[in-house]
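Q: could you work out the structure for the sequence below:
(4 chains)
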2 protein chains.
Amino acid sequence: MNPTIKDVAQRAGVSVGTVSRVLAKNKTVNEDIRLKVEATIEAIGYRPNILGRSLRLAKTDIIGLVVPDITNPFFAELAKHVEMLASAEGHSVLLANTHDDPEAEKQQIETLLGRLPAGLILVPVSNSLVDTLVTRTRTVTVDRPLSGHALVAVDNRHGGYLAADHLLSLGHRRLGYISGPSTTEVSGERREGFLSRLAAFSETHSGEHVAPQVLEGHFDYRSGEELGKKMLMQPAGTRPTAIATASDQQAIGLLRAAGDMGLRVPHDLSIVGFDDIPLASLVQPRLTTIRQPIDEMARLALKGVLGSHRLEEEYKLQPVLIERGSCAHPANA
Amino acid sequence: MNPTIKDVAQRAGVSVGTVSRVLAKNKTVNEDIRLKVEATIEAIGYRPNILGRSLRLAKTDIIGLVVPDITNPFFAELAKHVEMLASAEGHSVLLANTHDDPEAEKQQIETLLGRLPAGLILVPVSNSLVDTLVTRTRTVTVDRPLSGHALVAVDNRHGGYLAADHLLSLGHRRLGYISGPSTTEVSGERREGFLSRLAAFSETHSGEHVAPQVLEGHFDYRSGEELGKKMLMQPAGTRPTAIATASDQQAIGLLRAAGDMGLRVPHDLSIVGFDDIPLASLVQPRLTTIRQPIDEMARLALKGVLGSHRLEEEYKLQPVLIERGSCAHPANA
DNA sequence: TTGTCAATATGAAACGTTTCATCACGCTGC
DNA sequence: GCAGCGTGATGAAACGTTTCATATTGACAA
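A: Below you'll find the predicted structure:
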């Protein structure tokens, strides 16, 4: 029904091979002929059939994007940027959710691989089964590492460090930290960075030993709320005056918990999140947080997947502290 | 490199046609042969090449999902459900964002169509250019209509009606409504539903004429905040005691605005949103809202795209009022 | 004139399916 | 013994590309 390369060839009076060569911008084609072919392409509105090409090349121009849950604002943001950049280069993005389930992830990636994608951008689950599976395709991992594959991520240690530093500089000494699941490296790194800054502080300020309360949960809203409630349910004298979290979602849950308990942020409690999702600047009060440069991560991941040479093993981007309204000096200071 | 249907045929000592027939579960194949073929398939780990099949059939099993912005929680939720259901049936989902730009939408859909998808699930932009373009594929429209195509949406009029009804029954008489852009039908319907309930009330309660203040903006957080500020910046005597919005995002923005101005929700101001995005139950206070059954919408849309017979022209689902913490009786009552 | 070479066009094969017209075979009924 | 038939397998064509070995042409040198 649609015109094929044969129709073009016939109408232009050349062979299909020649048409293919002008399509491929191959240099070895006579100027006159090139013009004539291009004219006929225009005239009959020929559009190359992607399936024919893909079959021949045994490879499509589709990019697989595999995330735990597209509903998570961080991954939605990632997806948006990946899709924008990819479509600007004529690639399409196939979306798959793993729901943090290694089996589902394996299943999803297997069917994805069957489609012979140009590459895979993957946010792997914790105990991923796919490390050897994906070696068949160019794969770049985002946010979380997967052994043997390029990783684009933020320097999580530094992010945690920044959060701690900010709270210390505001004068907070009784600190809390709401961590992500210890099964993920990301979460461990952020916590480590946070604790390391505190340890350094204790060392330089002898006598002022700051030992934070740490609680561990998931990255989601609910976990932030529950853990926050637990942590805040202490007398004002021992309760932390500031809490850092491993994600903005946790921070927003924590904000809720604080509100429910009659604590005012930032007057009674300072909070610093992590990620800088769009919502962070819309909650009440606006969330001070550690921004991940998602657009840059998307760009790098795509470059790693489509670019001419392999990405280095690890690409760590620098997070930056975004000061908004959820932090202040401690009330008793 | 991967085994092909030829390898299977050769190894099983049959023709490729026969293998294809057992793959297609065609009945006209001898039991013994079927078993042998299945065994060899298993033995050499044959997986049909999707590209070969697609080329032959001139059709893929990919479903195109085109939304304005995957970052919008409502569309993210939709995408999640569509993807889950689709992958359960062996289909994959190609994601495209239009950023509410008719040109971008056209561009996206054109390249999508070039991939010969099994169907298209589309949330069209306001002045969509693609109504004739997409007739080439089975298309179901979600949330917003597009002339000549099946639509799956919530009964927006009824949703607006429910919001108004709830606020009236709580005793509110000075009402505000923050609408979406009048360029979208969705927004008009919700507003109409809201106003119609108020009109009916005025009629039955002669003397109590309720005429709401209406402000119009976009569906996003920012619009809710700005318009909210404007509406609340009135003396307590004339300022609405309750405001309904056309989206949860607006409602959350409004919540912010109220907070910034020192108004307490729901004591000083009642708010009811629309959509019931995940965040609605996590803001402070939890948002009373009109829920859209997104999972059901995704199911219907997919059925319309993959099912054996066309969906009816319009499929209107019933929204339901979810009572949470952002509404109360007016303070002066 | 012939041979060589560069430049460029051609034709056919190949990618992995599905489908359809054809064919082989065994049975039945006469 | 054979025509007719039903059951099922076969082989080849077709889908729309790309690529590569080969063919054609013209120019130029010997």
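
Q: near chain B, which residues of the stretch 151-300 of chain A?
A: A:221-222, A:225, A:252-253, A:255-256, A:259-260, A:278-279, A:282-285 (Cβ under 8 Å from any Cβ of the partner chain). For glycine as for every other residue, the C-beta is placed from the backbone atoms N, C-alpha and C.

Q: biggest separation within those, which pair?
A: The largest separation in these, counting by Cβ to Cβ, is between A:260 and A:278 at 23.8 Å.

Q: what sits against residue A:212?
A: Applying Cβ atoms under 8 Å, 6 or more residues apart in numbering or on different chains to residue A:212 gives the contacts A:175-177, A:194-195, A:198, A:240.

Q: do residue A:221 as well
A: So residue A:221 contacts A:249-250, A:252-253, A:256, B:278-279, B:282 (Cβ under 8 Å, 6+ apart).

Q: what is the burial count for the nearest residue to it once chain neighbours are set aside?
A: Nearest residue to residue A:221, sequence neighbours excluded (Cβ to Cβ, 6 or more residues apart in numbering or on different chains): residue A:253, at 4.1 Å. For residue A:253, the neighbour count with other Cβ atoms under 10 Å in any protein chain shown is 26.

Q: show the contacting residues for the residue of the stretch 51-200 of chain A found nearest DNA strand D.
A: Residue of the stretch 51-200 of chain A nearest DNA strand D, by Cβ to the nearest atom of the strand: residue A:52 (2.9 Å). By Cβ under 8 Å, 6+ apart, the residues touching residue A:52 are residue B:55.

Q: tell me how far it lies from residue B:31.
A: Going from residue A:52 to residue B:31 by Cβ to Cβ, to the nearest Å gives 37 Å.

Q: over to residue A:90?
A: Distance from residue A:90 to residue B:31, by Cβ to Cβ: 48 Å.

Q: what secondary structure does residue A:131 sit in?
A: Assigned by DSSP: H, G, I helix; E, B strand; the rest coil, the conformation of residue A:131 is coil.

Q: same deal with residue A:244?
A: Assigned with three-state DSSP, residue A:244 falls in the strand class.

Q: would you agree it is in contact with residue A:180?
A: No: Residue A:244 is beyond contact range of residue A:180, at 11.9 Å (criterion: Cβ atoms under 8 Å).

Q: compare the two (neighbour count), which wins?
A: Between residue A:244 and residue A:180, counting by other Cβ under 10 Å, residue A:244 is the more crowded of the two (34 against 24).

Q: residues contacting the residue lying closest to the more buried one once chain neighbours are set aside?
A: Closest residue to residue A:244 apart from its sequence neighbours, by Cβ to Cβ, 6+ apart: residue A:163 at 4.2 Å. Residue A:163 is in contact with A:193-194, A:244, A:272, A:274, A:290, A:321, counting by Cβ under 8 Å, 6+ apart.

Q: ok, residue A:123 next?
A: Neighbouring residues of residue A:123 by Cβ under 8 Å, 6+ apart: A:66-68, A:75, A:78, A:141-144.

Q: between those, which is closest to DNA strand C?
A: Of these, the one sitting nearest to DNA strand C (Cβ to the nearest atom of the strand) turns out to be residue A:66, at 23.6 Å.

Q: tell me the contacts of the closest one?
A: Counted by Cβ under 8 Å, 6+ apart, residue A:66 has contacts A:96-98, A:105, A:108-109, A:112, A:120-124.

Q: of those residues, which is the nearest to DNA strand C?
A: Nearest to DNA strand C among these, with distances taken as Cβ to the nearest atom of the strand, is residue A:112, at 16.7 Å.

Q: what helix or strand is the closest one located in?
A: Secondary structure assigned from DSSP states H and E places residue A:112 in helix A:102-113.

Q: sec struct for the residue in the stretch 201-333 of chain A positioned nearest to DNA strand D, please.
A: Closest approach between the stretch 201-333 of chain A and DNA strand D, counting by Cβ to the nearest atom of the strand: residue A:308, at 15.9 Å. The local conformation at residue A:308, judged by three-state DSSP, is coil.

Q: for DNA strand D, what are the nearby residues on chain A?
A: Applying Cβ under 7 Å from any atom of the strand, we find that chain A lies next to DNA strand D at A:1-2, A:4-6, A:16-17, A:20-21, A:23-24, A:46-49, A:51-53, A:55-57.

Q: repeat that with 6 Å
A: Proximity of chain A to DNA strand D, by Cβ under 6 Å from any atom of the strand, involves residues A:4-6, A:16-17, A:20-21, A:23-24, A:48-49, A:52-53, A:55-57.

Q: give me the subset of those residues lying in helices.
A: Those of these mapping onto helices are A:5-6, A:16-17, A:20-21, A:23, A:52-53, A:55-57, per DSSP state H.

Q: related to what we said a few turns ago, from residue A:113, how far out is the residue nearest to residue A:221?
A: Residue A:253 is 36 Å from residue A:113, by Cβ to Cβ.

Q: before we move on, what about residue A:301?
A: From residue A:301 over to residue A:113 the distance is 18 Å, taken as Cβ to Cβ.

Q: can you give me the end-to-end span of stretch A:309-321?
A: 32 Å (Cα to Cα, to the nearest Å).

Q: can you check stretch A:231-249 too?
A: End-to-end for stretch A:231-249, by Cα to Cα: 17 Å.

Q: buried ones in that stretch, by neighbour count?
A: Neighbour counts over stretch A:231-249 (16 or more other Cβ atoms under 10 Å in any protein chain shown) mark A:231-232, A:239-249 as buried.

Q: for residue A:141, give me its contacts.
A: Contacts of residue A:141 by Cβ under 8 Å, 6+ apart are A:122-124, A:149-152.

Q: beta partners of it?
A: Beta-bridge partners for residue A:141, by DSSP bridges, are residue A:122, residue A:151.

Q: from residue B:55, how far out is it?
A: In this view, residue A:141 and residue B:55 are 32 Å apart by Cβ to Cβ.

Q: with residue A:59 instead?
A: 14 Å.

Q: and residue A:75, by the same measure?
A: Distance of residue A:75 to residue B:55, computed by Cβ to Cβ: 33 Å.

Q: what does residue A:65 give?
A: Distance of residue A:65 to residue B:55, given as Cβ to Cβ: 25 Å.

Q: neighbour-wise, which of these two wins?
A: Between residue A:65 and residue B:55, counting by other Cβ under 10 Å, residue A:65 is the more crowded of the two (30 against 20).

Q: on the three-state scheme, that one is what?
A: Assigned with three-state DSSP, residue A:65 falls in the strand class.

Q: okay, and the beta partners of it?
A: For residue A:65, the beta-bridge partners under DSSP bridges are residue A:95, residue A:121.

Q: isn't it right up against residue A:76?
A: No: between residue A:65 and residue A:76 there is no contact under Cβ under 8 Å: 11.2 Å.

Q: so where do the helices sit in the stretch 151-300 of chain A?
A: Counting by DSSP state H, counting those that start in this stretch, the stretch 151-300 of chain A has helices at residues A:156-169, A:185-204, A:221-232, A:248-260, A:294-306.

Q: which parts of the third one are buried?
A: Neighbour-count burial for helix A:221-232 flags A:221, A:223-229, A:231-232 (criterion: 16+ other Cβ under 10 Å).

Q: lowest pLDDT pick from the residues you listed?
A: Lowest pLDDT of the buried residues of helix A:221-232: residue A:221, 89.

Q: how about residue A:136, nearest residue that isn't a chain neighbour?
A: residue A:113 (6.0 Å).

Q: now do residue A:246
A: Nearest to residue A:246 is residue A:180, by Cβ to Cβ, 6+ apart, at 4.0 Å.

Q: do residue A:106 as well
A: With Cβ to Cβ, 6+ apart, the residue lying closest to residue A:106 is residue A:129, at 4.7 Å.

Q: shouldn't the one you found be in contact with residue A:107?
A: No: using Cβ under 8 Å as the test, residue A:129 is too far from residue A:107 to be in contact (9.8 Å).

Q: quick one on the thing from earlier: so which of the contacts of residue A:66 wins on neighbours?
A: That'd be residue A:122 among the contacts of residue A:66, by other Cβ under 10 Å, with 31 neighbours.
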